[in-house]
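1. pasted the sequence and its predicted model underneath.
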Amino acid sequence: MTAAVVLTPVSAPVADHVLVVALDGALDYTNAEPLRRNVEALLGEHHRQLVLDLSGVSFCDSTGIRILLAVRKLLQERDGAVTLAAPNDRLAKIFRVTGLISAFTVAPSLAEAFDVVGARSNPR
């Protein structure tokens with residue numbers, strides 16, 4: 001059995017309606033559902049944007065992807081979005097091959113994710 005994915009809220013120079021969370025570990029069928037519940041528990045009613053720092057995710061199976069999509073749907077219902085930051089090469093390839101790269105905003109680094117969220121928060 002895989003250990004739970006560790007969620008760590010991250011202090012970041014972003015607006016109050018943005019939640020930034022770092023994930024660490026392998027995301028698979030053994031821990032995906034608890035991850036979903038934990039992310040939903042962290043999301044306050046005022047959060048419309050979520051940045052998930054994936055730099056610490058070593059593995060993600062189809063169940064993990066399903067959970068990411070469920071979290072995305074929740075934020076879309078709030079007229080918000082999920083930005084995935086710093087996925088490793090393997091995870092980024094999964095998103096490209098499956099076509100999910102178009103379902104999420106994917107930023108190569110956390111700093112670039114903050115830029116994306118900032119641009120969404122301050123439309124010109």
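-> Structure received. Residues are numbered from 1 along each chain as shown.
2. output the contacting helices and strands for the worst-scoring helix or strand of the chain on mean pLDDT.
-> Here the helix or strand of the chain ranked lowest by mean pLDDT, DSSP states H and E is strand 6-9, holding a mean of 74. The contact analysis (3 or more Cβ pairs under 8 Å, 6 or more residues apart in numbering; DSSP states H and E) places strand 6-9 against strand 18-27, helix 32-42. Every residue, glycine included, has its C-beta placed from N, CA and C.
3. buried set for it?
-> Neighbour-count burial for strand 6-9, counted by 16 or more other Cβ atoms under 10 Å, picks out Leu7.
4. tell me the mean pLDDT over the longest helix anywhere in the chain?
-> The residue-count maximum for a helix in the chain (DSSP state H) belongs to helix 62-77. Model confidence over helix 62-77, given as mean pLDDT, is 93.
5. ok, stretch 29-42 next?
-> pLDDT averaged over stretch 29-42 gives 91.
6. centre-most residue in this structure?
-> Leu52 (3.0 Å; Cα atoms, centre = their mean).
7. so what strands line up beside whatever helix or strand that one lives in?
-> In the assignment (DSSP states H and E), Leu52 maps to strand 49-60. Strand pairing for strand 49-60, using DSSP bridges, gives strand 18-27 (parallel), strand 81-85 (parallel).
8. out of the helices and strands packed on strand 6-9, flag the one nearest Ala107.
-> The closest of the helices and strands packed on strand 6-9 to Ala107 is strand 18-27. By Cβ to Cβ, the value is 11.9 Å.
9. and the closest one, which residues are buried?
-> Quick answer for strand 18-27 (16+ other Cβ under 10 Å): Val18, Leu19, Val20, Val21, Ala22, Leu23, Asp24, Gly25, Ala26, Leu27.
10. do the same with stretch 114-124
-> In stretch 114-124, counting by 16+ other Cβ under 10 Å, buried: Phe114, Val116, Val117, Arg120.
11. format the helices and strands packed on strand 6-9 as CSV; extra columns: distance to Leu100.
-> Listed next are these as CSV, based on distance: least, Cβ to Cβ, whole Å:
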stretch, distance to Leu100
strand 18-27, 14
helix 32-42, 15
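12. so which of those comes closest to Ala85?
-> Between the helices and strands packed on strand 6-9, strand 18-27 lies closest to Ala85; by Cβ to Cβ that is 8.4 Å.
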